[in-house]
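Trainee: Return a 3D structure for these sequence lines:
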Amino acid sequence: MLRLIAVFLLVSLGTGTAWAGTVSLDFNNESSQFSYIHLLNREAYGDSIAGFRLLYNEDRDTFLGTVSAGVKGSPGTIPGLETGVQISANGSDTDSERMLAIGVGLFLDYSPPILRGLGVLAGVNYAPKVFTFMDAEKYLESGVGIHYAFMPRADLILSYQNVLVDFETYGDVRVDDSLRIGIRLEF
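Mentor: Here you go, the predicted model:
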């Protein structure tokens, strides 16, 4: 998994002439999550993006890594609404279980101009049995949050995330079930 992330980083560093992306760091006392989304291409109808995420949960002694690619954009005439769809590879290796899940995700970010920087986030990522490998049978990740833009390119985020994996041996295991505070920077 680390090799895959290293290859992605090297490729993303060499693609394009200018950096454009989003970095996010979320945490609480027991877990932390770092994510990076790189803008690959911007067009009139939306953006092509690629990203990765690293999640560590000390309570459950779990590392979860994700590599993703997708598109995002504004669907029509609703100011402040951005939606997206992505394909992601999610992997985890603990002492007792290993998992690889290829999932499809939907996400939205709604920040109406009338709220002056306040917005909501939501997302879901699902991998059925046919796209889960190693010791896993299903993968479901969901999350909701609110954010406030205290600067034009910096947001404070309060979010809840739930990652549920159906393992062959142990059944349904919550890999992550956390409320976090964090910051998101766009450049």
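
Trainee: what does stretch 20-31 rub up against?
Mentor: By Cβ atoms under 8 Å, 6 or more residues apart in numbering, the residues outside stretch 20-31 that reach it are 32-39, 42, 55-59, 157, 159, 176, 178-187. In short, each C-beta sits where N, CA and C put it, glycine included.

Trainee: Kindly report the same for stretch 50-64.
Mentor: With Cβ under 8 Å, 6+ apart as the test, stretch 50-64 has contacts from 5, 8-9, 12, 30-38, 40, 65-70, 90-95, 163, 174-176, 178.

Trainee: at 6 Å instead, please
Mentor: 5, 8, 30-38, 40, 65-69, 92, 94, 175-176 (Cβ atoms under 6 Å, 6 or more residues apart in numbering).

Trainee: Going by neighbour count, which of the contacts of stretch 20-31 are buried?
Mentor: Among those, those classed as buried by 16 or more other Cβ atoms under 10 Å are 32-33, 35-39, 55-57, 157, 159, 176, 178, 180, 182, 184, 186.

Trainee: So which of the residues you listed are in strands?
Mentor: The members of the buried ones among the contacts of stretch 20-31 that map onto strands under DSSP state E are 32-33, 35-39, 55-57, 157, 159, 176, 178, 180, 182, 184, 186.
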